[in-house]
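>>> Have a look at this fold, sequence not included:
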Ligand code: CAA
């Protein structure tokens, strides 16, 4: 619906679908692509008709990392003063609506980091994950050392980050990086189904649930439990919560209104 150079954006009912689309560079995350992605996420987040967002790539690559050819000539000052990576890249992680990364093929470096910013990571059986920055004389710069370590633990994260080796979909699922593996041909349809299912629930309840899970990575257990309880109590102010509970008691499907 919106025209971009490096991504394709479609609206499928309540679901916004973003396809990274720089096929010649295996969706390497150039400044142009990341700017397009940020803009699309801003628009989809502002659009009340959208309840969830799916980000995907091509069959061959979700994204093969930051654009190495663009980074090659950057100086320290370019990187430091431009706040390289954090500023725009983090947009997916700050999305308040639920997000799903549907990964087929390579998710390397910044591609793996971008996928890890989504709430739910679904992998095709062809997916390959890795943080190969070490092989080009640098280190992950968009969350790889932090999000990967939290997702799969120190043993595997350290090995992947220090050797640059790739992990296939089965290993990524065993390690806890991905929620589920899906046959490649069904990946996007299945991701949209998951998104539609989430869109069928109370939007504020979904947003609160997401916010509470995210806090588990920021807070102590005691603080996290307090945060969860405050949000849980606040769901008692939702019309949707009353509707959900009445519908259960009356043995009928609920009609959520998003308030
Ligand atoms: N940046 C720029 N261009 C890239 C790229 C990248 N990250 N990854 C692939 N491309 C380009 C290649 O240069 C090639 O372009 P040309 O046809 O113009 O030569 C095209 O995409 C196809 O790639 P290959 O020919 O290499 O394809 P392949 O199937 O032989 O190999 C691959 C696939 C193993 C993914 C390989 O492309 C590769 O290793 N890519 C780089 C992966 C990488 O190191 N990523 C980390 C980047 S650093 C980073 O992301 C920093 C951070 O933390 C944010």
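Good, I have the coordinates. This one's a predicted model, so the numbers in the text were calculated from it and none came from an experiment.

>>> ok, now which ones touch residue 100?
Residues near residue 100 by CB atoms under 8 Å, 6 or more residues apart in numbering: 52-55, 118-122, 191, 194-195. Where you see a C-beta, it was placed from the backbone N, CA and C, and this is true even at glycine.

>>> wait, residue 19
By CB under 8 Å, 6+ apart, the neighbours of residue 19 are 7-10, 56-58.

>>> what does residue 129 give?
Listed by CB under 8 Å, 6+ apart, the contact set of residue 129 reads 103, 107-108, 112, 115, 123, 160, 166-167, 172, 177.

>>> Pick the one among the residues you listed closest to the ligand.
Nearest to the ligand out of these is residue 108 (CB to the nearest ligand atom; 4.4 Å).

>>> And for the closest residue to residue 142 other than its chain neighbours, the neighbour number?
Nearest residue to residue 142 in three dimensions, chain neighbours excluded: residue 113, at 3.9 Å (CB to CB, 6 or more residues apart in numbering). By the criterion of other CB atoms under 10 Å, residue 113 has 30 neighbours.

>>> secondary structure element for residue 113?
Take DSSP states H and E as the rule and residue 113 turns out to sit in helix 110-117.

>>> rewinding a little: my guess is the residue nearest to residue 142 contacts residue 145, does it?
No: judged on CB atoms under 8 Å, residue 113 makes no contact with residue 145 at a distance of 9.5 Å.

>>> residues shared between the contacts of the two?
Joint contacts of residue 113 and residue 145 (CB under 8 Å, 6+ apart) are residue 131.

>>> related to what we said a few turns ago, show me the subset of the contacts of residue 129 that also lies near the ligand.
Residues of the contacts of residue 129 in contact with the ligand (CB under 6 Å from any ligand atom): residue 108.

>>> ok, back up a step: so what's the residue nearest to residue 142 up against?
89, 131, 140, 142-144, 147.

>>> gap between residue 51 and residue 207?
Distance of residue 51 to residue 207, computed by CB to CB, to the nearest Å: 10 Å.

>>> These two: which has the busier surroundings?
Taking other CB under 10 Å, residue 51 and residue 207 do not tie; residue 51 has more neighbours (23 against 16).

>>> pLDDT score assigned to the residue lying closest to residue 254 once chain neighbours are set aside?
Counting by CB to CB, 6+ apart, residue 254 lies nearest to residue 247, which is 3.7 Å off, once chain neighbours are set aside. On pLDDT, residue 247 comes in at 98.

>>> Whichever strand or helix holds residue 247 - contacts with which helices or strands?
Using DSSP H and E, residue 247 falls within helix 239-249. If contacts are counted by 3 or more CB pairs under 8 Å, 6 or more residues apart in numbering; DSSP states H and E, helix 239-249 sits against helix 203-215.

>>> Can you list the buried residues in the helix it packs on?
Of all the residues in helix 203-215, those buried under the rule 16 or more other CB atoms under 10 Å are 203-210, 212, 215.

>>> any chance you could map the strands in the protein?
Taking DSSP state E as the test, the strands found in the chain are 7-12, 15-20, 52-56, 61-63, 99-103, 106-108, 120-124, 128-130, 167-168, 180-182.

>>> will you turn those into JSON lines that also has mean pLDDT?
Formatted as JSON lines, these follow (pLDDT from 0 to 100):
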{"stretch": "strand 7-12", "mean pLDDT": "97"}
{"stretch": "strand 15-20", "mean pLDDT": "98"}
{"stretch": "strand 52-56", "mean pLDDT": "98"}
{"stretch": "strand 61-63", "mean pLDDT": "98"}
{"stretch": "strand 99-103", "mean pLDDT": "98"}
{"stretch": "strand 106-108", "mean pLDDT": "98"}
{"stretch": "strand 120-124", "mean pLDDT": "98"}
{"stretch": "strand 128-130", "mean pLDDT": "98"}
{"stretch": "strand 167-168", "mean pLDDT": "98"}
{"stretch": "strand 180-182", "mean pLDDT": "98"}
